[in-house]
Structure formats: structure tokens, C-alpha cells
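Peer 1: predicted coordinates and the sequence they were generated for:
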Amino acid sequence: MTEKTAWETFFDAHAPVYDENVFTKNTVKEVDFLLEELGLATGDTVLDVGCGTGRHSVELAKRGYVVTGLDLSSEMLAKASAAAKAAAVHVQLIRSDATSFSLPEKYDAAICLCEGSFGLLSQTDDPVAQPLSILCNISRSLKPQAKVMATVLSAARMLRTHSNEDVLAGRFDPLTLVESAEMPPREGYPAISVRERGFAATELTLLFRIAGLSVVNMWGGTAGNWGRRILDLDEYEIMIVATKTAEPSAGADALSRAARP
Ligand SMILES: C[S@@+](CC[C@H](N)C(=O)[O-])C[C@H]1O[C@@H](n2cnc3c(N)ncnc32)[C@H](O)[C@@H]1O
């Protein structure tokens, strides 16, 4: 891999304190929830894209699932490795960019939670191709009829909370639904510029569909507060559950190659 992206710099520095975030405190209940949705049998294989400190990966491994966690940040992966060791479970950990991975195995399910790379854009990522490339890579890693669960930032909330002043100042782009922020130096990392984007439910349905993933459910899925509830306009995140019904279309492949120009 080449030079670190802003998000990699951010998560490398944030890794030591990531698990102190209040939204990470419901992991056991979240794993109960996702197991109900994914319909897995003990011993099935799960791919955790953007696994971070491994909180879902390790909990799944403790319950008998065979888990692979993939992440861009070596420091987040180091925390995941330590967590697996402390829990006396094995989780295969892979350092890779979610926009460009390819794995030899086909999994029984995948998760990509709390953004887990989806919409966390580098300065050069195309806002459509980045999430599409991740979905294509996930889709290719799944067995037919396998399920995927993702939680991603909701554009509705962004549109309600940003002002025209933010648009004029470049803090929010309504054309791409991208928020831009300057993060001051902290936790040992230098000042960085980050970009993250929100999604509308209709666009998600389309992106998943052209990646070969048919959406079966969408709910309000704000981190730390999951539930089967209607997506209201104040939810930070949308939860999507989808089934792999086809391979990514040729058009999706072409478009997703624009993820890293
Ligand atoms: C907010 S954390 C979520 C971690 C975990 N899924 C959870 O629910 O706690 C986002 C994770 O995505 C990872 N990430 C960001 N961009 C990525 C990329 N392009 N490829 C792989 N991982 C990425 C970060 O390193 C970070 O660990």
C-alpha cells in the first residue's frame, strides 16, 4: 500500500481509545441482533469488513463462528489481535483496503458496521465508486444466498443538520452528500482533512443491487442503538440487510475501478 490516507492516520492514532466511545458499548446485544438477521449456523464463516478493534469479530468467534476481520489500520488491527488473544479465540486478521481486496474464500455472511470503510473517503476517492467497490468486493467474497449487514451514515440527517453556510464554506456538498472536516492535531496524529459521506436509502438499494446484493431490510441503525425501527430523519446511521443473489454486474466493476483514480 502507498501513503497513508487521512482515515488510516486517524484510526491508527485513535485505536488506543476507540473502545472508550460510548457507541461501542452494546457489542454483545449487537451480535445477538445480527445473528438473528444473518441466519447462521455455529461454525459458519463471517467476514468483518472494517473490523476495527474486533469487537464484533471477537464476540462472534467466542460464539463459535469462524471470523476474518479486514481493516486498513494496523493499529486498530493490533487492538483486535490483543482482544482475540485476551478472549482466547482465533480471528484471522487481514490488513487491506476495503476498496481493493480480494479473498480466496467464500463466506457464509459479511458485516460492515459503523461505517467500517463504507463512505469514509480518502481525498481522491470518488464518492460513488468508493462504496460501490466495497460492495462488489464483499459480494464476490460471499457464497450464493449469503447475507450481509451494513450500517452507514444517513444523508437525511446530514441534510437536516447542515446549513447553506456550510455548503458555501465547503463543509457539506449537497451534490455528493460529502461532509468535509479539518481535525486538529490530537491523540498523536497531525492535523488532517477527512471526508465522509451520507447515503439515501434509494441509492443504497441501487448500489447494493448492482453489486449483486438484494436489500431485504433497512432500518434506523445508529451505532449503540440498533433496532427494527423505521428510519427517521434524525438517525445517524442506516442499517441494511441484504442477500447475495447475483455476481456484481459488469457495469459495477467498471464504475468501481474509479474508486482509486
Ligand atoms: C468507525 S470504525 C468501525 C469499526 C468496527 N466495525 C466497529 O463497529 O466498531 C471504522 C473502521 O473502518 C476502517 N477503515 C476506514 N477506511 C477503510 C478502508 N478503506 N479499508 C478498510 N478499512 C477501513 C478504520 O480503520 C476503522 O477501523
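Peer 2: Nice, thanks for sending it over. These numbers come from a predicted model, not from an experiment.
Peer 1: so where do the strands sit in this structure?
Peer 2: Counting by DSSP state E, the segments of the chain that form strands are 45-49, 66-71, 91-95, 107-112, 120-121, 142-153, 172-173, 178-183, 192-197, 213-220, 237-244.
Peer 1: got CSV for the ones you listed, with distance to the ligand and mean pLDDT too?
Peer 2: Yep, even glycine has a C-beta here, placed from its N, CA and C like the rest. Below are these laid out as CSV (distance: least, C-beta to the nearest ligand atom, whole Å; pLDDT from 0 to 100):
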stretch, distance to the ligand, mean pLDDT
strand 45-49, 7, 98
strand 66-71, 5, 98
strand 91-95, 9, 98
strand 107-112, 7, 98
strand 120-121, 4, 97
strand 142-153, 8, 98
strand 172-173, 19, 98
strand 178-183, 14, 94
strand 192-197, 10, 94
strand 213-220, 16, 96
strand 237-244, 10, 98
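Peer 1: CSV for those, including mean neighbour count?
Peer 2: Listed next are these as CSV, based on neighbours: other C-beta atoms under 10 Å:
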stretch, mean neighbour count
strand 45-49, 25
strand 66-71, 25
strand 91-95, 18
strand 107-112, 24
strand 120-121, 25
strand 142-153, 21
strand 172-173, 19
strand 178-183, 16
strand 192-197, 18
strand 213-220, 17
strand 237-244, 24
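Peer 1: tell me where the stretch 51-200 of the chain has helices.
Peer 2: Assigned by DSSP state H, counting those that start in this stretch, the helices in the stretch 51-200 of the chain fall at 55-62, 74-86, 129-140, 155-161, 164-168.
Peer 1: tell me the bridge partners for the spatially closest residue to Ile94 that is not a sequence neighbour.
Peer 2: With C-beta to C-beta, 6 or more residues apart in numbering as the criterion, Ile94 has its nearest non-adjacent residue at 4.6 Å, and that residue is Leu70. For Leu70, the beta-bridge partners under DSSP bridges are Val49, Ile94.
Peer 1: residue of the protein nearest the ligand, please.
Peer 2: Residue nearest to the ligand within the chain (C-beta to the nearest ligand atom): Gly52, separated by 2.6 Å.
Peer 1: so how far is Asp126 from that residue?
Peer 2: Between Gly52 and Asp126 the distance is 24 Å, computed by C-beta to C-beta, to the nearest Å.
Peer 1: pick the most buried one from the helices of the stretch 51-200 of the chain.
Peer 2: Per residue and on average, the most neighbours among those fall to helix 129-140, with a mean of 26 (mean count of other C-beta atoms under 10 Å).
Peer 1: contacts for it, please.
Peer 2: Under the criterion C-beta atoms under 8 Å, 6 or more residues apart in numbering, residues 47, 49, 98-102, 110, 112, 117-119, 121-122, 148, 152, 197, 199, 207-208, 210-213, 244, 247-248, 252-253, 255-259 lie in contact with helix 129-140.
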